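>>> Sequence first, predicted coordinates after that:
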Amino acid sequence: MEKRVQLYEGKAKKVFATDDPELLIVSYKDDATAFNGLKKGTIAGKGVINNKMSNRLMKLLEASGVPTHFVEELSDRETLVKKVSIVPLEVIIRNISAGSFAKHYGVEEGIVFDSPTIEFSYKNDELGDPLLNEYHAKALKLATDGEIQLIKKYSFKVNEVLKEFWKSCGVTLVDFKLEFGRLSDGTVILADEISPDTCRLWDSKTGEKMDKDRFRRDLGGVEDAYRKIMARLEEHYEAAVGK
Ligand code: ADP
Ligand code: UDP
């Protein structure tokens, strides 16, 4: 697949056109940002890990009935994906209190919920990705009611599949962010990435953080945590896809 012009450079990835108008190449960088771009840094090797992890998790999800943009891993950092028009909503699912939830509601981190929560924010850097509910999303015409219902159904399914998979790796899936997009015929599929940049992942035994919170909170051992979580995935992945 011929890589053409760069269409976009984001905080964590570059996006390139290909000779097929329905396909894109995404290239994962080692750049890391937090707090809406205020904190900037590099995590050596992150791009390779996020690329491979996201592709493996998307394959697992595809096999479980969640349509995704994944087509083919082209190299350590590059993947061919189906081009979508991104629905400008960040969908956040939580199983355990952490991060902005803990701060917002004045509770400690680590409270295990009886059932998962879902929230949306408006994907808009200038506005700082403000939280909104589905009525706001419809009022702003970000998505139709049918799309929102489907996005909710897929997001909870993603949670079930990934929670079970990470459990088999000895890892607790605390929360994560998803993005969805529309193919040219309007079909809604899962896009963007699923990685330690977009999920909170805690060692089930020790509670050790194995995700981007090590970078956000200056906890040290950032590169090591990314390597460790990828190794956990590799160890248990074949068994999970074989099921
Ligand atoms: P950001 O834009 O937040 O800085 P990235 O650096 O990850 O994020 O850039 C990747 C961009 O590509 C994001 O805006 C994301 O929404 C978009 N994207 C992800 N998957 C697809 C896809 N399959 N088709 C089109 N755009 C996509
Ligand atoms: N998240 C993300 N991108 C964002 C905001 C959040 O990937 O722009 C992920 C984050 O990694 C975590 C989950 O979504 O796994 C919930 O994040 P939270 O709302 O607690 O925000 P944060 O503490 O990151 O500000």
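Happy to help now that I have it. Ligands and ions are numbered 1, 2, ... in the order given.
>>> Find the nearest non-adjacent residue to the residue nearest to the spatial centre of the chain, please.
Nearest to the mean C-alpha position of the chain, by CA atoms, centre = their mean, lies I194 at 3.0 Å. Excluding the flanking residues, the one nearest I194 by CB to CB, 6 or more residues apart in numbering is L57, at 4.6 Å. The way it works is simple: take the backbone N, C-alpha and C, and place the C-beta from them, glycine included.
>>> Regarding the chain, what is its longest helix?
If you go by DSSP state H, the chain has its longest helix at helix 145-168.
>>> Quick check: which element contains the residue nearest to I194?
Using DSSP states H and E, L57 maps to helix 46-63.
>>> chain center to that helix: distance?
Put simply, helix 46-63 sits 10 Å off its chain's centre (CA atoms, centre = their mean, to the nearest Å).
>>> before we move on, what about stretch 88-104?
How far stretch 88-104 lies from its chain's middle: 13 Å, per CA atoms, centre = their mean.
>>> what are the ranges of the helices in the protein?
Secondary structure of the chain (DSSP H): helices at 46-63, 99-105, 134-139, 145-168, 213-216, 222-242.
>>> how about those, which one is nearest ligand 2?
Nearest to ligand 2, of all the helices of the chain, is helix 99-105, at 2.3 Å by CB to the nearest ligand atom.
>>> What residues sit buried inside the closest one?
By neighbour count on 16 or more other CB atoms under 10 Å, the buried set for helix 99-105 is F101, A102.
>>> repeat for stretch 187-196
By 16+ other CB under 10 Å, the buried positions in stretch 187-196 come out as V188, I189, L190, A191, D192, E193, I194, S195, P196.
>>> Next: stretch 156-165.
Those would be V158, N159, V161, L162, K163, F165, for stretch 156-165 by 16+ other CB under 10 Å.
>>> so which of the residues you listed also contact ligand 2?
The subset of those within reach of ligand 2, by CB under 6 Å from any ligand atom, is empty.
>>> what residues does this protein put near ligand 2?
So far as CB under 6 Å from any ligand atom goes, the chain lies against ligand 2 at 90, 92, 98-101, 129, 175-177, 198-200, 212.
>>> which one among those gets closest to N51?
T198 (13.0 Å; CB to CB).
>>> Identify the residues contacting that closest one.
Counting by CB atoms under 8 Å, 6 or more residues apart in numbering, T198 touches F176, K177, L178, D192, K212.
>>> Out of those residues, which are close to ligand 1?
D192.
>>> quick one: which of the contacts of T198 is nearest ligand 2?
Ligand 2 lies nearest to K177 out of those, by CB to the nearest ligand atom, at 3.5 Å.
>>> Give me the nearest residue to the closest one, chain neighbours excluded.
T198 (4.7 Å).
>>> now swap in V5 and tell me
Ranked by CB to CB, 6+ apart and with sequence neighbours excluded, the top spatial neighbour of V5 is A17, at 5.4 Å.
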